[in-house]
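Q: Curious how this folds, go ahead:
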Amino acid sequence: MKLRKLAVAASIAVMGLSAAALSTPAFAQAKGKAAATSGQEQFFPLLVYRTGAYAPNGVPWANGFLDYLKLTNARGGVNGVKMIWEECETGYATDRGVECYERLKGKHGGATAVQPLSTGITFALTEKAPVDKVPVVTAGYGRSESQDGSVFGWNFPLIGTYWMGADVLVQHIAKKEGGFDKLKGKKITLVYHDSPYGKEPIALLQERAKMHGFDLSLLPVAHPGVEQKATWLQIRQNKPDYVFLWGWGVMNSTSLKEAQATGYPREKMYGIWWAGAEPDVKDVGDGAKGYSALAMQHGAEPNSKVVKEILEKLHAKGQGTGPKEEVGQVLYMRGLISSMLSVEGVRKAQERYGKGKRITGEQMRWGLENLDLDQKALDGMGLGGVMRPVKTSCLDHMGSAWARIHTWDGKKWNFSSDWYQGDEKVLRPMVIATAGKYAEEKKIVRRTADDCKK
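A: I've put the predicted structure just below:
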């Protein structure tokens, strides 16, 4: 981006206008030349989509991510080191995402980590990350097998993968039915976005179908997801016992409207955590009542301490990124937590490489591999009651395998289940086997626990 555009963007930010209103394709909240020369700022390239078919979902995530970086700076940074960033618009397109990454990765002393907010872009960056030494953080998305840090040394699917999410959904309906043995003969249909993202849960669901004897049907929906008449005609004919929705953006609300039109009970529909936020249901209203989705650790959290702090320290001063009404909503919190995980990676890395020091991408990897966010740490960040503790290792890049269900009551999301934990007896063999095939294909030597100490 040209310096003139950077200056204009920074001026707008100071006036407190929403970043979503910017007309330029990228937005930087930096400090001019100081961002590149002081050496005491951490640079985060932000691959976002504020335009296009997925903007209604991408915008609140990006706003939550930015607000937490701003809050971190308002708190004094990480031991005095401030966060700086620059946005690049991907439109959720893989090729544009790679272009954004290449354009931004070397700016301001180098990227600390990158969060693509796209499984397709994640696949494309997986081979670039080890060369560039830039961690790829994919909180709740990306490659499920990248939990195996011995093979995927630079990928971090923190606090949830799609295999874990699919496993929890199967656990939940088994509990509803009275046990896994009651799933035999049941019909489950997966309605999924026809992309790397939508295809991710298939392997786990196929494995669970073999284990428990349920009939699994796969119905792909083409981008962006507004044409689903044929899909729901098949559902009406097949009469599945449950529908799992793996959509994103307008696809989710379209599925709910089609379910309503064809008379399929919303009470039998369950979405992944990217199909369970306010933009997915607000235009459907009562028509979505009874629909449930996974809550990846958190749900809507308007009463959390961190939300109150953001409203007080940022939005009350005109420094918030988006409308204050969205602060605390599901996708806003998802972006906030994703941002927090990166910030805490910096904090952890400073424990080893020097407090108050700028952290390199390689050092950041160590920080992300050694996260230990216990209850005391979460409480201190204002996230008590919002999420469970996270503890990663060199060999486990996920760090937490818990999720809940929340249900739309026509006006708001409410938690409707206890916590579920992904079953490692099912998940771990799949992760190891699939990662092993990737390692063999790419001629990667698995890291050992001793390698991780270096």
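Q: V48 versus P224, what's the distance?
A: Distance from P224 to V48, counting by CB to CB, to the nearest Å: 17 Å. (Glycine included, C-beta is placed from N, CA and C.)
Q: The two: who's more crowded?
A: V48 (30 against 17; other CB atoms under 10 Å).
Q: Report the secondary structure state of A174.
A: helix (DSSP: H, G, I helix; E, B strand; the rest coil).
Q: List the contacts of it.
A: 180, 182-183, 212 (CB atoms under 8 Å, 6 or more residues apart in numbering).
Q: of all the residues you listed, which two lie farthest apart?
A: Distance extremes for the contacts of A174: the farthest pair is K182 and H212 at 8.9 Å, using CB to CB.
Q: more neighbours, the two?
A: When neighbours are counted by other CB under 10 Å, H212 comes out ahead of the other of K182 and H212, with 18 against 15.
Q: what's the domain layout of the chain?
A: 3-161+300-402+433-452, 163-297+403-422 (automatic domain parsing).
Q: L341 is in contact with L371, correct?
A: Yes: between L371 and L341 there is a contact at 7.3 Å, judged by CB atoms under 8 Å.
Q: which residues are in contact with both of those two?
A: Taking CB under 8 Å, 6+ apart as the contact rule, L371 and L341 both touch 158, 390.
Q: where in the chain is pLDDT low?
A: 1-39, 454 (pLDDT under 70).
Q: List the buried residues in the lengthiest helix in it.
A: Looking across the chain with DSSP state H, the single longest helix is helix 330-353. For helix 330-353, the neighbour count (16 or more other CB atoms under 10 Å) marks 330-350, 353 as buried.
Q: which element follows that helix toward the C-terminus?
A: Using DSSP states H and E, the next helix or strand after helix 330-353 towards the C-terminus is helix 361-369.
Q: relative to helix 330-353, how tilted is that next one?
A: Interaxial angle of helix 361-369 relative to helix 330-353 (axes from the mean of the first three to the mean of the last three CA atoms, to 10 degrees): 110 degrees.
Q: Would you list the phi and psi of A403?
A: Here is the backbone geometry of A403 (degrees, to the nearest 10): phi -160, psi 160.
Q: which ones are touching it?
A: Contacts of A403 by CB under 8 Å, 6+ apart are 160, 164-165, 168, 273, 294-297, 419-420, 422.
Q: What separation do you get for the most far-flung residue of the chain relative to its centre and K229?
A: What lies farthest from the middle of the chain is Q237; by CA atoms, centre = their mean that is 34.1 Å. Counting by CB to CB, the gap from Q237 to K229 is 13 Å.
Q: In this model S400 seems to touch G422, though I could be wrong.
A: No: counting by CB under 8 Å, G422 does not reach S400; the two are 9.4 Å apart.
Q: for T189, phi and psi?
A: Dihedral angles (degrees, to the nearest 10) for T189: phi -110, psi 130.
Q: Tell me the bridge partners for it.
A: Legend: beta-bridge partners of T189 under DSSP bridges are S217, V243.
Q: and V445, how many neighbours does it have?
A: 9.
Q: List the residues that contact it.
A: A439.
Q: that's a helix at it, yeah?
A: No: V445: not assigned to a helix; according to three-state DSSP it is coil.
Q: That one and H397: what is the separation?
A: According to CB to CB, V445 stands 17 Å off from H397.
Q: List the strands paired with the helix or strand where Y270 lies, with their directions.
A: Under DSSP H and E, the secondary-structure element containing Y270 is strand 269-271. Applying DSSP bridges, strand 269-271 is found paired with strand 242-246 (parallel), strand 292-295 (parallel).
Q: And for the residue nearest to E127 when sequence neighbours are not counted, the neighbour number?
A: Excluding its sequence neighbours, the residue lying closest to E127 (CB to CB, 6 or more residues apart in numbering) is K442, at 7.5 Å. When neighbours are defined as other CB under 10 Å, K442 has 11 of them.
Q: Then the one 4 residues further on?
A: As a burial measure, R446 scores 15 neighbours (other CB under 10 Å).
Q: so how far is the strand holding Y270 from its chain's centroid?
A: Here strand 269-271 shows a centroid-to-chain-centroid distance of 18 Å under the convention CA atoms, centre = their mean, to the nearest Å.
Q: swap in stretch 135-145?
A: Here stretch 135-145 is found 8 Å from its chain centre; the criterion is CA atoms, centre = their mean.
Q: Tabulate the CA atom coordinates of that stretch in PDB.
A: Taking Å, rounded to 0.1, in the frame of the first residue of the first chain, the C-alpha atoms of stretch 135-145 are listed here in PDB:
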ATOM      1  CA  PRO A 135       3.500 -19.600  12.100                       C
ATOM      2  CA  VAL A 136       0.000 -20.200  10.500                       C
ATOM      3  CA  VAL A 137      -2.600 -19.900  13.300                       C
ATOM      4  CA  THR A 138      -6.000 -21.400  12.400                       C
ATOM      5  CA  ALA A 139      -8.200 -21.200  15.500                       C
ATOM      6  CA  GLY A 140     -11.100 -23.500  14.800                       C
ATOM      7  CA  TYR A 141     -10.300 -24.200  11.100                       C
ATOM      8  CA  GLY A 142      -7.600 -25.300   8.700                       C
ATOM      9  CA  ARG A 143      -6.200 -28.800   8.300                       C
ATOM     10  CA  SER A 144      -7.400 -31.200  11.000                       C
ATOM     11  CA  GLU A 145      -4.300 -33.300  10.800                       C
END
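Q: Am I right that H172 is in contact with I405?
A: Yes: in this structure, H172 is within contact of I405 by CB under 8 Å, at 5.9 Å.
Q: Name the residues contacting each of these two.
A: With CB under 8 Å, 6+ apart, H172 and I405 have common neighbours 270, 417, 420.
Q: buried ones in stretch 384-400?
A: So for stretch 384-400, counting by 16+ other CB under 10 Å, buried means 386-388, 390, 392, 394-400.
Q: end-to-end on it?
A: Start and end residues of stretch 384-400 are separated by 16 Å (CA to CA, to the nearest Å).
Q: distance of G160 from K239?
A: G160 is 31 Å from K239, by CB to CB.
Q: So for these two, which residue has more residues nearby?
A: More crowded of G160 and K239, by other CB under 10 Å: G160, with 28 against 9.
Q: Next, the more buried one: secondary structure please.
A: coil.
Q: residue contacts, the residue nearest to it when sequence neighbours are not counted?
A: Using CB to CB, 6+ apart and skipping the chain neighbours, the partner closest in space to G160 is G140 (4.4 Å). Contacts for G140 (CB under 8 Å, 6+ apart) come out as 157-161, 165, 273-274, 296, 334, 338.
Q: now with 10 Å?
A: 117, 157-162, 164-165, 272-274, 294, 296-297, 334, 337-338, 398, 403 (CB atoms under 10 Å, 6 or more residues apart in numbering).
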